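Chemist: Provide a 3D model corresponding to the input given below.
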Amino acid sequence: MKLAIIVVLYNKAIKNSTTIKSLSNLENNEFSVLLFNNGPLLINADEEDKVLLNKFENIEIVQDPNNRPLSIIYNDFIQNVKADSYLILDDDSYVDNSLILKYMSADLSLDLHVPVIKSKSNGDVFYPVYNNEVVKDSTVLDFDDSFRTIGSGTLISKCLIDKFSVFQSEIFDTRFSLYGVDFSLFRRMTLLIKNQTKFKIAVVGELEHSLSKVDVVGDLMENDERYIAMFLGQLLYEKHGIKKERFVLGELLKYLKKMNFKRCFLILNLFLLRAHKRSIKYKKKMK
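Modeler: Numbers count the residues shown, from 1 in each chain. So this is what the prediction gives:
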């Protein structure tokens, strides 16, 4: 079985990536790695970086200082790299050998494999969530719209890709750029369920990861990027008919009362464009 791994860096040196350092120390190196530097500066590998990179048997480095949308990076990775399964990793996940070994021997008749996600800060388990409960043990689940987990550590089998191909649908929604990209996969799977497509998900192993819900103090929605993800998720997938207009109006009134005109302008922009501006810009550039 051929396993392909992608690690996306942003504003980080190779030697400072927990993911790259942990992957370089694994005993089993029978996988390929695509290291994607997403800017804002090009990386010139120093000696410490080179020591890490030389530990890999098969690694390719791609650089784009223009901060390409994650959704497009992931879709291109799946489309252009030949493999039986595709593992997505953020740059700050600790990956141990046991998880990679489990993924390399994974049952690829199952659509997704995801690990139990532990907070790097306190060790608590936060994902995956299924039927409003955190799944803490290895199991196989019938996917439904209650399932959520983060993108890092998600193993995508070729059988899932084939199911999406039937409907000529990309895996990740390119209207999202940063936050919300991982959840867009599950939202698209929910749409395919309505077309009688079924998915099975295996929960295997563990992954330590920095989680914003633990590490970030204050209201996450104060961050524009997180707000964009929430708003687009509601607008494109969760709200329908008049509920969509009520949602937009409600958000506008909420921020008008707060005299937050910048956020109001963002809401109107998102309502009209129905996509992240960086995604729109990149697609125009590629035409």
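Chemist: what's near enough to touch Asn132?
Modeler: Asn132 is in contact with Ser146, counting by CB atoms under 8 Å, 6 or more residues apart in numbering. Just so you know, the C-beta spots here come from the backbone N, C-alpha and C atoms, and that holds for glycine as well.
Chemist: And it, what's its pLDDT?
Modeler: Predicted confidence (pLDDT) for Asn132: 95.
Chemist: Phi, psi for it please.
Modeler: phi 70, psi 20 (degrees, to the nearest 10).
Chemist: ok, and for the helix ranked longest in the chain, which residues are buried?
Modeler: Using DSSP state H to define each element, the chain has its longest helix at helix 242-257. Using 16 or more other CB atoms under 10 Å as the test for burial, helix 242-257 gives 247-248, 251, 255.
Chemist: Remind me what that helix packs against, helices and strands.
Modeler: The contact analysis (3 or more CB pairs under 8 Å, 6 or more residues apart in numbering; DSSP states H and E) places helix 242-257 against helix 261-273.
Chemist: can you give me the angle the helix it packs on makes with helix 242-257?
Modeler: With axes from the mean of the first three to the mean of the last three CA atoms, to 10 degrees applied, the angle from helix 261-273 to helix 242-257 works out at 160 degrees.
Chemist: just checking, what packs against the helix or strand following helix 261-273?
Modeler: Of the helices and strands lying after helix 261-273 in sequence (DSSP states H and E), the nearest is helix 277-286. Helix 277-286 sits against helix 70-80, with contacts defined as 3+ CB pairs under 8 Å, 6+ apart.
Chemist: average pLDDT for the helix or strand just after the helix it packs on?
Modeler: As assigned by DSSP H and E, the chain's next helix or strand after helix 70-80 is strand 85-89. Mean per-residue pLDDT for strand 85-89: 97.
Chemist: For stretch 273-287, buried residues please.
Modeler: Result for stretch 273-287 [16+ other CB under 10 Å]: buried residues 275-276, 278-280, 282.
Chemist: One more: stretch 160-170?
Modeler: 160-161, 163-164, 170.
Chemist: For that stretch, C-alpha coordinates in CSV please.
Modeler: C-alpha atoms of stretch 160-170 as CSV (Å, rounded to 0.1, in the frame of the first residue of the first chain):
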residue,chain,number,x,y,z
LEU,A,160,-13.8,7.8,-0.8
ILE,A,161,-12.2,9.7,-3.7
ASP,A,162,-13.9,7.3,-6.1
LYS,A,163,-17.3,8.0,-4.5
PHE,A,164,-16.8,11.7,-4.9
SER,A,165,-15.7,11.2,-8.5
VAL,A,166,-19.1,9.7,-9.3
PHE,A,167,-20.7,13.1,-8.6
GLN,A,168,-17.7,15.0,-10.1
SER,A,169,-17.2,16.6,-6.7
GLU,A,170,-13.9,17.7,-5.3
